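# I need the structure of the sequence given here:
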Amino acid sequence: MDYSDTDLKRDDGDGASAPETIAGTAATPRDGDASCHAGKAEMRAAAAKAGKSEILDRYARDYPAGPHDQPQSMCPAFGSLRVGLRMRRTATVLSGSACCVYGLTFTSHFYGARRTVGYVPFNSETLVTGKLFEDIREAVHQLADPALYDAIVVTNLCVPTASGVPLRLLPKAIDGVRIIGIDVPGFGVPTHAEAKDILAGAMLAYARGEAEAGPVAAPRQPLSDRPSVALLGEMFPADPMVIGRLLEPLGLAAGPVVPTREWRELYAALDCSVVAAIHPFYTASIREFETAGRPVVGSAPVGVDGTAEWLARIGEAAAVPAERIAATQNAILPAIRGALAGSPVKGRITLSGYEGSELLVARLLVESGADVRYVGTACPKTPWSAADREWLEAKGVRVKFRASLEDDLAAFEEFSPDLAIGTTPVVQKAKQSGTPALYFTNLISSRPLMGPAGAGSLAEVINGAIASKSRFDTMKAFFEGVGEGHAAGIWEDVPQKPRPAKIRADLQINGKKTATYDAGMGDV
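Model (predicted):
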């Protein structure tokens, strides 16, 4: 790939903020009400009539649904919103119902976003007449300042997608600022994890076209003289550095992590020798890498078996001699084996989540000694998850792709684990039953998993949680009956004060029965 000598544009290190006010027609309180309240089938049919069939069909191929229509997780658009907000010199604009935009911006700032989210509001008139598209186009023209931004991401939520708002007709660039328009409807994208891929894939496609057209900007960090391995999927910040150290003996270097933190990193990612699909559901991104002629390897260096297999497959894909691969394995694996032996995990575990790393965590727990019975992931089965699935199933672990909440709860009931790792409702169910539980996203996926660093990272939190069983037994006994039955706090009708119970009493005088009457408890 040819890199130009373009200087880095001014940047404060955290990315510039979008203006607080985005051009658009004032919204009314009931914007999009009818469409918002329509079912998924109705919205999908409306989107097809409005010319969105092609994109919805592509999403259906890239992100196939399971036996149910959609796993229970947050709004999928949060995934693509998060990717855009974490990139330097990137503005983010949403087009959707006000309630949806409020929820997405609240969640993004809850998770640490420090940028304004642009919003182009609409009402029934601007939606039907096409004025909404004109408002969006005006907004991106106002935002497109090359001194502040490399790219502007515009996202259609459910109602604009169902109404056919044509983001493809936006300019491809304005004064050098790239315009990326994507549709992320809840009725067409199953999970927020896959929405990350929608934006990452769109950006890779744009960057690939730029690279094919001529020289592009060099990445912020100096380029390595060794062939690089691009890392696909968000991960704990230390993991890319650990992977880099694992690759060094092979004569390889860790490339950028996709989704990237800056536009120019996309070029370096495409310039790799091999792609490591750490998260195997990035179908659109993988398509762009394969179009660029880059081989893709699934799984990740977790545990002894996982690291050995991953090093071998990465080395083969990068044409590393077999002797060098074997020497690298012999140098690295003893440290991982020692870390696992020094931090054993004992106990029966069920595991579920919607981040995409569930199978990797399960592999690490099994090699740590845990009795893992079930792994459920909201993400789909792909060719790049096959190695992890086969390994887990060979160890007797039940693997469920596109797992629903009902699947996860059924596994909890069936296997009666010592610890349940899962989403919020799974954790709630487990704790109500007196079983220790951990939230996957905040307490498990936020830890290092790769190489020697990952081998002992889970033991402390897992063993600590399992050891808390006696406290759960004490709490369950203390609160027995609270929040259950008539005390659950959930009524279909207005609660009524119970009527006093009636008792039948005999009135006796001098031992002789003189009368019988019914009395309320308060009369006795």
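# right, and residue 113 touches residue 84 too?
No - look at residue 113 against residue 84 with Cβ atoms under 8 Å: they stay out of range, at 9.6 Å. For every residue, glycine as well, the C-beta is placed using N, CA and C.
# for the residue nearest the centre of the chain, which non-adjacent residue is closest in space?
Nearest to the mean C-alpha position of the chain, by Cα atoms, centre = their mean, lies residue 193 at 3.3 Å. In this structure, residue 193 finds its nearest non-sequential neighbour in residue 356, 4.8 Å apart by Cβ to Cβ, 6 or more residues apart in numbering.
# can you pull the phi/psi pair for the one you found?
Here is the backbone geometry of residue 356 (degrees, to the nearest 10): phi 110, psi -10.
# any idea how far it is from residue 83?
For residue 356, the distance to residue 83 (Cβ to Cβ, to the nearest Å) stands at 13 Å.
# SS state for residue 91?
What DSSP: H, G, I helix; E, B strand; the rest coil gives for residue 91 is strand.
# returning to that earlier point: which element, helix or strand, includes the residue nearest to the centre of the chain?
Secondary structure assigned from DSSP states H and E places residue 193 in helix 192-213.
# please compute how far that helix lies from its chain's middle.
Chain-centre distance of helix 192-213: 17 Å, with Cα atoms, centre = their mean, to the nearest Å.
# got it, and stretch 177-191?
The chain centroid and the centroid of stretch 177-191 are separated by 15 Å under Cα atoms, centre = their mean.
# rewinding a little: how many other residues sit next to the residue nearest to residue 193?
Residues near residue 356, counting by other Cβ atoms under 10 Å, number 26.
# residues in contact with it?
By Cβ atoms under 8 Å, 6 or more residues apart in numbering, the contact set of residue 356 is 193, 233, 279-281, 377, 379.
# what about it, distance to residue 177?
31 Å.
# against which helices or strands is the host helix or strand of residue 305 packed?
Assigned by DSSP H and E, residue 305 belongs to helix 303-317. Applying 3 or more Cβ pairs under 8 Å, 6 or more residues apart in numbering; DSSP states H and E, we find helix 303-317 packed against helix 238-247, strand 274-277, strand 296-298, helix 322-342, helix 358-367, helix 386-394.
# what's around the nearest residue to residue 204 once chain neighbours are set aside, how many residues?
Sequence neighbours aside, residue 288 is the residue nearest to residue 204 in space, at 4.0 Å (criterion: Cβ to Cβ, 6+ apart). By other Cβ under 10 Å, 24 other residues sit near residue 288.
# residues contacting residue 289?
Contacts of residue 289 (Cβ under 8 Å, 6+ apart): 204, 230, 232, 270, 272, 275, 296.
# can you confirm it is in a helix?
Yes - assessed by three-state DSSP, residue 289 belongs to a helix.
# got any ranges where the chain has weak pLDDT?
3-38, 67-73, 486, 488, 490, 495-524 (pLDDT under 70).
# repeat that for 80
1-41, 66-74, 110-114, 222-223, 481-524 (pLDDT under 80).
# phi, psi for the closest residue to residue 186 other than its chain neighbours please.
Here the nearest residue to residue 186 in space, its sequence neighbours aside, is residue 158; by Cβ to Cβ, 6+ apart that works out to 5.3 Å. Main-chain torsions, residue 158, degrees, to the nearest 10: phi -60, psi -50.
# going forward, begin numbering at 201 instead of 1
Done: numbering now begins at 201, and the last item shifts to residue 358.
# tell me the spacing between residue 358 and residue 671.
43 Å.
# between these two, tell me which one has more neighbours.
Neighbour count, other Cβ under 10 Å: between residue 358 and residue 671, residue 358 has more, with 26 against 11.
# you'd agree that one is up against residue 385?
Yes - contact status for residue 358 versus residue 385: in contact at 4.7 Å, counting by Cβ under 8 Å.
# higher neighbour count, residue 313 and residue 284?
residue 284 (28 against 17).
# angle of the strand or helix carrying that one against helix 392-413?
Element membership of residue 284, judged by DSSP H and E, is helix 277-285. Following axes from the mean of the first three to the mean of the last three Cα atoms, to 10 degrees, one obtains 40 degrees for the angle between helix 277-285 and helix 392-413.
# who does helix 277-285 touch, helix- and strand-wise?
strand 290-295, helix 298-310, strand 351-356, helix 392-413.
# now the element after the second one, going C-ward?
Sequence-wise, the next helix or strand downstream of helix 298-310 (DSSP H and E) is strand 318-319.
# who does that next one touch, helix- and strand-wise?
strand 290-295, helix 298-310.
# would JSON lines of these with distance to residue 463 and mean neighbour count be doable?
JSON lines is the format used below for the helices and strands packed on strand 318-319 (distance: least, Cβ to Cβ, whole Å; neighbours: other Cβ atoms under 10 Å):
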{"stretch": "strand 290-295", "distance to residue 463": "7", "mean neighbour count": "28"}
{"stretch": "helix 298-310", "distance to residue 463": "20", "mean neighbour count": "16"}
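# any idea how far the helix or strand where residue 675 lies is from the middle of the chain?
For residue 675, the element it lies in under DSSP H and E is helix 669-678. In terms of Cα atoms, centre = their mean, the centre of helix 669-678 is found 33 Å from the chain centre.
# residues making contact with it?
618, 631, 633-636.
# what about 7 Å?
Helix 669-678 has contacts (Cβ atoms under 7 Å, 6 or more residues apart in numbering) with 631, 634-636.
# farthest-separated two in those?
634 and 636 (8.7 Å; Cβ to Cβ).
# those two: which has the busier surroundings?
Taking neighbours as other Cβ under 10 Å, residue 634 and residue 636 compare with residue 636 leading, 22 against 14.
# distance of that one relative to residue 523?
47 Å.
# then residue 606?
To residue 523, residue 606 is 51 Å away according to Cβ to Cβ.
# contacts only, for the residue nearest to the centre of the chain.
Contacts of residue 393 (Cβ under 7 Å, 6+ apart): 279, 481, 554-556, 579.
# can you rerun that using 10 Å?
By Cβ atoms under 10 Å, 6 or more residues apart in numbering, the contact list for residue 393 reads 263, 271, 273, 276, 278-279, 433-434, 479, 481-482, 553-557, 577-580.
# from these, which land in strands?
When DSSP state E defines the strands, the subset of the contacts of residue 393 inside them is 553, 577.
# which of the contacts of residue 393 are buried, as a ChimeraX select command?
A single ChimeraX command selects the buried members of the contacts of residue 393 (16 or more other Cβ atoms under 10 Å):
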select :263,271,273,276,278,279,433,434,479,481,482,553,554,555,556,557,577,578,579,580
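# show me what contacts the residue nearest to residue 603 when sequence neighbours are not counted?
Closest residue in space to residue 603, ignoring its immediate chain neighbours: residue 576 at 3.1 Å, by Cβ to Cβ, 6+ apart. Residues near residue 576 by Cβ under 10 Å, 6+ apart: 271, 550-554, 558, 562, 598-605, 607-612, 622-623, 626.
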